[in-house]
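1. pasted the sequence and its predicted model underneath.
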Amino acid sequence: MFMILANTCVLALKWYAMPDEVVLMNEVLNYSFSVIFTVEAVIKLIAMQKNYFKDSWNIFDFIVVVGTWIVILVLKLPIDLDLTILGTILRTLRIGRIFRIVKRAPAIQIIFQTLIEALPAIASLGLLLGLLFFMYAVIGIGQFGAVTLQDNINYHTNF
């Protein structure tokens, strides 16, 4: 549990214009956690053999570990494409490990179960808000779309 919390803290340690030392430390720690979780998955795979893939958390961990190494290898390849979004997606998956703590704490489990049951309503609300934003965008384009660029209204500050 400590490793999951420490990994989550390291993953959360990112901000704009980070000093190079912090970026290097973050990268080393991320590689270290990748190795630790890989060793954990291999040991569990050896110990549990066929039963390893019967637990959904083990499957999730295995996908995250394999995905981590695939992303690390792809990012190290000399490709002209900007694939940093893969790292962001992987960070999201790796932060998902924090949900393993939910099964150990009954109070958090009740809150988490309530959240899961409320997801359809939250999704409906999100779609409604998205429709509202879209309507305001259409109205804004209709009202201000033909304004010419001048003085304070330039390429960066316009509708």
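-> Now that the structure is in, tell me what you want to look at.

2. any chance you could map the helices in the protein?
-> 2-12, 20-48, 56-76, 84-95, 106-144 (DSSP state H).

3. now those as TSV including mean neighbour count and mean pLDDT?
-> C-beta: built from backbone N, CA, C; applies to glycine. Output for the helices of the chain, formatted as TSV (neighbours: other Cβ atoms under 10 Å; pLDDT from 0 to 100):
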stretch	mean neighbour count	mean pLDDT
helix 2-12	14	82
helix 20-48	13	91
helix 56-76	14	85
helix 84-95	14	74
helix 106-144	10	90
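
4. in CSV: those helices, plus distance to Y155.
-> As requested, those are exported to CSV (distance: least, Cβ to Cβ, whole Å):
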stretch, distance to Y155
helix 2-12, 34
helix 20-48, 31
helix 56-76, 32
helix 84-95, 25
helix 106-144, 15
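
5. can you list the domain ranges for the chain.
-> 2-104, 106-159 (automatic domain parsing).

6. give me the residue at the spatial middle of the chain.
-> T92 (1.6 Å; Cα atoms, centre = their mean).

7. residue contacts, that one?
-> Residues near T92 by Cβ atoms under 8 Å, 6 or more residues apart in numbering: none.

8. just A12 next, same as before
-> The contact partners of A12, taken as Cβ under 8 Å, 6+ apart, are I95.

9. over to L81?
-> Counted by Cβ under 8 Å, 6+ apart, L81 has zero contacts.

10. could you measure from it over to W69?
-> L81 is 19 Å from W69, where distance means Cβ to Cβ, to the nearest Å.

11. again, but for F53
-> 18 Å.

12. next: I59.
-> To W69, I59 is 16 Å away according to Cβ to Cβ.

13. what does V42 give?
-> 12 Å.

14. could you do L29 as well?
-> Using Cβ to Cβ, L29 is found at 16 Å from W69.

15. again with Y31
-> 11 Å.

16. check L131 too.
-> 41 Å.

17. do P106 as well
-> Using Cβ to Cβ, which is the criterion applied here, P106 is 35 Å from W69.
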